[in-house]
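Asker: With the input below, show me the fold.
(2 chains)
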Amino acid sequence: MNTFSVNSLKLLEKNKEDFINKYILHLDFLSSNKSTKRGERLHGLISYYIQGYDISKIKNSLAKDEKEILDKTLLLEIFKEKKKFIKSEDRFLIKCKNKDLTIYLTGRFDAVYKGKNTYIIYDWKSKNIPPNPQEDLQSIVYMYCASKIFNTKDIQIKYISLENQEFVQAEFKDENTYLERIFNIIKKLPKKYLT
Amino acid sequence: MIFYSTINSNKTDILVEKFLQLTQNGISTDEILVLVQNGKKKKIFVEKIKEKSPLGDVGKLNVYSFFGLARDFIEKNWVSAENNIKYQNSPVFAHLCGLETSQYIFKNCIKEIEFKGYNSKINLLHQLLRRYSLIVQNALSNEEIKTREKILHESYSKEVNEAIKLYKMKTLELRAFDYLRQVSIFEYLYKKIKNPYSYVILDDGDEITPAVFEYLKYIKKDVKEFFIAQDPCGSSRLGYLSATHIDFEKFLNEKAIDLREDKPKIINAKNVFKNIKAKTAITSEDTVIKGFIRRDEMIFHIIKEIEELIKNGTKPNEIAVVTPLCDRYLHFCFNKIKQKVFFLSGSEKLNQNSLVGASIEILKLANIDECYLSPFILKGILLEVLKIEGNEAIEISQNYAFENQDYKKNIKEFLKKIENEKIQKFLDFLEKIKNNTLSEQLYKFCTTYIEKNIKNQNAILKLNKLAKQIIDFEEIFNHNFKKINLIEQLENTIISENPLSEEEIPDDSIVIASAQKLIDNEINVKHLFLIDCSNSDWIKQDIGMLYNSWVFQKSWNKKDFSLTDNIELTLDRTARILYKLYLCKDIKMYVYSSIYDSLGIENFGAIDKFFKPAQNIQTNKIIKINPRDDQKPVLEYKSGKMAVSAVAGSGKTTIMLALILKLLEGKIIKNIKSENIFVLTFMDSAARNFKERIKQNFPEMIELPQISTIHGLALRILKENNNYTFLGLDNDFEIIDENKRHEIIANATVNSGLDYNKTELYERAISDFKNDGGNLKNIKSPSFKRIFAIYDKEMKENNFLDYDDLLIFALKLLKNNIDTLKYYQNLAKIIIEDEAQDSSPIQQELINLLAGKWGNIIRCGDVNQAITATFSNSDVKGFKNFIRENYNVQMNKSQRCAIKIMDLANKIIDNASNKAPEAFLNIKMKPVEGKNSNNNDALCLKLFEKSQDEKDFIAEQIIKIKNQYPEKSIGILLRSNRQINSFSEFLENRNIKTQKNTDILLNNPVFKTVLSVFNFINDTKNKKNLQKCLEAMLEIPRYADETGILEYAQNNDFLSDNGAKYMLWWDLKYFLLKSTLNPMELLLEIGDFYYKNTAEFANVAMVYSIVDKIYQTHKTFEQTTLRLNEISNKVNKNAKFFKEEKSENTNSVRIMTLHKSKGDEFDFVFIPELSADNLGLEIEDIKLKDNTEFIQSIKQNPKNKEALMNEILEENYRLLYVGITRAKLKLYLTCAKTFKMYNKEKNQKPCEIFESEASNEHF
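Answerer: The predicted structure follows:
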């Protein structure tokens, strides 16, 4: 294993055994979670909207409450300048190294907004927004990766709550601290699992 | 840029390098499309890019498998597609589902369309899916499909098109797209979306499908550069898998660079390719070729060789085994090897895994209030899921079984009464999850009861596969289905591919795979074993009734399709597959085959043919035959037609074998190959015997002559080269045995309001009617018409063939298809028929047709031993005419019978000349000088007053013989099966061991043991059952000293600990506790435990097959066991058990009918109860059966009474002649003047022989 997502890193940080069971030994049970599905639908529609597609047909099939959430979200100021979104539902893959260990970080930006000089990563949250965004592992991974992709340190991450459109944000600080945090988690994994 | 390169070369590295060069030159990864053949190669490609990329942003990697391209395209552009769909209820995402869901939809579509007259409704879905796959992958337009329909003269195209149209509509409405539907949506979408790619890297260009190539053609105008790796000899996925050979040089208008090195491996592989295409034998120093008789011999030989290789330092991952038959038997055998083995092929029903099976049962329990459970499953759940202690689990399940004897009891009600915390918690759990969705129920069950440990890894992967299917269904149908219906649907249909995609090939295992899987995974080993090479599955032709993988190829441009096309195209693909396989091995290739498959059915030969060594291999002459003078003319045969009339015991088999060996040595017909020799025997055992002896003489010979019964030959003609498609048959046709046939006709008879007892009559009538080739319209009997119609419908709908159909269809095929006829006529340079007197008109017609080109026919037999004409379709007149019209060799010397017995046999011929002149040909037996017994006491004809006296006399004589000559064999030959049972019972009561019909299932030790253990597990409480089971088990030598267990079982509760002193008790307890929910697994365990390393082991596979078939229809262990008991006294023609030569026990007296005795010989022969009723030798003693008139009425040319009576009379003479000539040393002919009926002695007339021999001194 050499490629990590935020979710997998979070699990590894929390419980090494659970991580191994889920990501290495595939000893995890598949479930269909209603709220996850709901979140995926809303993410999908926002992304279609940002890309400029006509979403009226699909929107009509949403449940009433989902439609309301979507409408409210799309009223947010940022969507008035849709063209400033340079990416939507965008996958990334970043190679990084610490001493002799090379790993890859992967994930998907919900949307990337280009301000004047700043790249803002938007993350739609169908559940809770992180209480401490500056320290949140997702902020660290996403901002580190964005800094590599856009080749700048002028990076922000904004978490928007889809339920009430509230938001919190974090700003890029220090690459080395980020890497240290990431590799400290990875070090928890026995070497035999690292390829 | 195009370059030629092979698998297992560095081509991927070159392409990765190209990719990196592009990115280094500032090209964004977004602009580069990489296409590879499959998911595994995608992973490899991605890892290589990752590894070689500099630190930082690697970019978005658009690396796709051919199918992944379509999937990703839809995911990215779904909204465009959705906005163009007219149906409402638009989901945010398409349902990119698995095949199970789409199959379910397709199945429902088919229900709406009537495929009138189409056989094999069970196969319809499979055929349609294949057709749809070909249409999609070949990107065929409606016009192109129409052209193909015309080429193939398809009769169901209208229905097929309707079904596919409906399917497409339904899946669109539901937005449910499996991987094929995804390709068709992709074809629509890419024309609407702006192409983002400027560079295309294509690995495995030789395996590309037309659908993907069409896409490349479409985007070509926007692409700045292509990088294509292709192998000109590749394209091993031609045919159904739809690879197509593209001329990329023409496509890009540039020359390819050949990067293939001149390594010996590549040169060798190229030679293999060339040789196969040129149909010349492959001779390669690095190839070991071996042929075996039985499949198990072959498998165990390989296992031994593998163990030897490993002992000598080869690593397990340097060895691979390739077979098209990755069946359970192979799994079972290879799991015995000490090394880790990874199976890369095969599929199984999900519920074959115990935990998955248990989960499905538990889902049923959660959703059905009144639920019955098989006690066997209950035991499994208690042990495996609830982890209840063994004895308690057994006790509970046996109590449940006991309570179920009268009616099926609700399991939940039953369990409520059990005082066990785990069970009560389990019941609460079921209640709690009752209202959850099915996927939630499964998830909760898994998280509550299934431990996440490595031992359960396989089960968890499969449970997740099940969960995925459930979620698919729930999302697509939005829960608009009954949960229980879905469970049943999934239980029966989900086939799990092996391995699941999540599983990695471990690097410390021997890989066992199909050829395609090995190639697709580019597995490279030092030693590669190709096994089952004579099995036709190696060169499966991909054509069926509703699809034709060749004509449905995009590139097909011929106006018709012939057998030759099929053969040539299949050969081409086989050449490509073998070429690639040779690229997968570094040191040695092992090509191994067996004459028989696991079920004892002969393999027709497949890729072994490409490897066979030069013909006329030197014999090591193990069998040396010195012919007698009367035998010599047979061996002097040169060509043309020859009859061999051979009296009983004249050494016919030996001389025929000598003739075959001489033919094989090339001493009769020049340039003859083994495949040119066709030998037809009457019995399978005779065919086997010939093959085994030929193999002894030619140990190196891989392909033996075609030696089989006529049914074996017919089966080959139907199956080989997919010939059955020319008859409108589907490839899943199944030959049903007599038991199944009986079952169908019995149902038809009873459902027609007739008595069950009439079944036998209709079995005969249907057979006669079919062989007679009559028209049902001309039959007067309404009941026959009705029963035949039901039978015929049942057979067609299930795609069953009976033994009559086999011959009729083979003949029809040869008559109607000139290509096929020529194919076999070219092959059959000589045809040798054994037991020609029993040959049917169809058999004779088939032989004449096959010999149409070369005209070499040798027919051997003895007209005087024709004893099947009155109840079968045999036609002795045909052989008589053949003798008259052709050169006839008379082999009339025999050393079998004592002189006196021989004299009696000859006298029977004389006697018949007045009363039944047509009964015999006047060929008298002559002794072989100095060889026949001269025993003066060789004949004993005796009449008794009472039948009991007769029986007492026989018992007394047998005891005497046994005391005096313990090694000598004794046979009792009787007229009817009814007499056999009564005689056997009588002798057993006198402590004389008897052996009845040797062919019944129960006489096979493996079957008997399995059935006994099953019976034991099924009901440990019933003393009678227990006793029967223990008695049977005690016959196993290892328990010989444990007869005391019978008394113990009678007087104790069997499962209490006191039984511990008996090994049998422990073994049975072990099987009882075996924590499995699958009876088939248990069967293999039993087989392995008792028969490992014995000759009987091969029969485990056959018993497995018999039981598996029953289990599939009877569903539960209990019902399966019940049915096994029902069939245990019957013969199963489909199971061709292997028997060791001389395995018959001379300790037992063999009791059989006179008919069955043909081909046997005994030192002492008794023919008792020889009354005129049983064997009339005068016309006034002949009585026609009640149903004779009815049977004749269904024939086109019915015979009159007189003719029929004469036929019976003639056959009676021959029957007696056959019986007499079985005896070597002494013959007893006996009869009583009275017989007992309802406790009264009634008079009976003894057979005429007692009168004619009255003056004989022995009387």
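Asker: Now do B:Asn271 against B:Ile707, distance only.
Answerer: Counting by Cβ to Cβ, to the nearest Å, the separation of B:Asn271 from B:Ile707 is 32 Å. Every residue, glycine included, has its C-beta placed from N, CA and C.
Asker: With neighbour numbers in mind, choose between the two.
Answerer: Neighbours were counted for B:Asn271 and for B:Ile707 using other Cβ atoms under 10 Å in any protein chain shown; B:Ile707 has more, 25 against 16.
Asker: What residues does the stretch 751-900 of chain B have near chain A?
Answerer: Remark: no part of the stretch 751-900 of chain B is in contact with chain A, using Cβ under 8 Å from any Cβ of the partner chain.
Asker: which stretches of the stretch 751-900 of chain B have low pLDDT?
Answerer: Judged by pLDDT under 70, the stretch 751-900 of chain B has no weakly predicted residues.
Asker: quick one: the helices in it?
Answerer: For the stretch 751-900 of chain B, the helices defined by DSSP state H, counting those that start in this stretch occupy B:759-772, B:782-798, B:803-816, B:818-827, B:841-850, B:876-885, B:899-915.
Asker: Need those helices in a markdown table (columns: mean neighbour count).
Answerer: Shown next, in a markdown table, are these (neighbours: other Cβ atoms under 10 Å in any protein chain shown):
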| stretch | mean neighbour count |
| --- | --- |
| helix B:759-772 | 19 |
| helix B:782-798 | 17 |
| helix B:803-816 | 19 |
| helix B:818-827 | 17 |
| helix B:841-850 | 20 |
| helix B:876-885 | 18 |
| helix B:899-915 | 19 |
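Asker: and chain B, what are its domains?
Answerer: Split into domains by automatic domain parsing, chain B comes to B:2-69+B:192-259, B:98-177, B:266-345+B:504-611, B:349-497, B:632-729+B:801-892, B:734-798, B:905-996+B:1143-1252, B:1001-1127.
Asker: can you give me how far the fifth one is from the chain middle?
Answerer: Which is domain B:632-729+B:801-892. Relative to its chain's centre, domain B:632-729+B:801-892 lies at 24 Å (Cα atoms, centre = their mean, to the nearest Å).
Asker: picking up where we left off before, now render the domains of chain B as JSON lines, adding distance to A:Lys191.
Answerer: Converted to JSON lines, these look like this (distance: least, Cβ to Cβ, whole Å):
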{"stretch": "domain B:2-69+B:192-259", "distance to A:Lys191": "18"}
{"stretch": "domain B:98-177", "distance to A:Lys191": "36"}
{"stretch": "domain B:266-345+B:504-611", "distance to A:Lys191": "17"}
{"stretch": "domain B:349-497", "distance to A:Lys191": "19"}
{"stretch": "domain B:632-729+B:801-892", "distance to A:Lys191": "51"}
{"stretch": "domain B:734-798", "distance to A:Lys191": "55"}
{"stretch": "domain B:905-996+B:1143-1252", "distance to A:Lys191": "60"}
{"stretch": "domain B:1001-1127", "distance to A:Lys191": "37"}
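Asker: On the three-state scheme, residue 42 is what?
Answerer: Looking at chain A here, since you left the chain open. helix (DSSP: H, G, I helix; E, B strand; the rest coil).
Asker: right, and it touches A:Leu162 too?
Answerer: Yes. Counting by Cβ atoms under 8 Å, A:Leu42 does reach A:Leu162; the two are 5.6 Å apart.
Asker: shared neighbours of these two, which are they?
Answerer: Residues touching both A:Leu42 and A:Leu162 (Cβ atoms under 8 Å, 6 or more residues apart in numbering or on different chains) are A:Ile69, A:Thr73, A:Trp124, A:Ser126.
Asker: Dump the residues you listed into CSV; add neighbour count, distance to chain B and secondary structure as well.
Answerer: Converted to CSV, the shared contacts of A:Leu42 and A:Leu162 look like this (neighbours: other Cβ atoms under 10 Å in any protein chain shown; distance: Cβ to the nearest Cβ, whole Å; DSSP: H, G, I helix; E, B strand; the rest coil):
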residue, neighbour count, distance to chain B, secondary structure
A:Ile69, 21, 13, helix
A:Thr73, 20, 14, helix
A:Trp124, 19, 14, strand
A:Ser126, 18, 13, coil
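Asker: And the strands in chain A, which stretches?
Answerer: For chain A, the strands defined by DSSP state E cover A:3-4, A:85-98, A:101-114, A:119-125, A:155-161, A:167-171.
Asker: what residues does the first one touch?
Answerer: Under the contact criterion Cβ under 8 Å, 6+ apart, strand A:3-4 has outside partners A:Leu12, A:Leu93, A:Ile103, A:Tyr104, A:Leu105, A:Thr106, A:Ile182, A:Ile186, B:Lys50.
Asker: follow-up on the earlier one: of all the strands of chain A, which one is nearest B:Phe376?
Answerer: For the strands of chain A, the distance to B:Phe376 is smallest for strand A:3-4, at 45.6 Å, taking Cβ to Cβ.
Asker: picking that back up, how about the domains of chain B, which one is nearest A:His26?
Answerer: Judging these by Cβ to Cβ, what sits closest to A:His26 is domain B:349-497, at 6.1 Å.
Asker: what's the closest residue to B:Arg859 other than its chain neighbours in contact with, if anything?
Answerer: Of all residues not flanking B:Arg859 in the chain, B:Ala836 sits nearest, at 3.9 Å (Cβ to Cβ, 6 or more residues apart in numbering or on different chains). In this structure, B:Ala836 makes contact with B:Ala643, B:Arg859, B:Cys860, B:Gly861, B:Phe879, B:Phe882, judged by Cβ under 8 Å, 6+ apart.
Asker: which two of these lie the greatest distance from each other?
Answerer: By the measure Cβ to Cβ, the contacts of B:Ala836 have their two most distant members at B:Cys860 and B:Phe882, which lie 10.7 Å apart.
Asker: Can you lay out the shared contacts of A:Leu42 and A:Leu162 as TSV showing distance to B:Ser90 and pLDDT?
Answerer: Shown next, in TSV, are these (distance: Cβ to Cβ, whole Å; pLDDT from 0 to 100):
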residue	distance to B:Ser90	pLDDT
A:Ile69	18	94
A:Thr73	19	95
A:Trp124	21	96
A:Ser126	20	88
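Asker: so who does the residue of the stretch 1101-1250 of chain B at minimum distance from chain A touch?
Answerer: As assessed by Cβ to the nearest Cβ, chain A sits closest to B:Lys1115 within the stretch 1101-1250 of chain B, at 27.5 Å. The contact partners of B:Lys1115, by Cβ under 8 Å, 6+ apart, come to none.
Asker: Let me know the pLDDT of it.
Answerer: B:Lys1115 carries a pLDDT value of 84.
Asker: One more: B:Asn997?
Answerer: For B:Asn997, the pLDDT comes out at 66.
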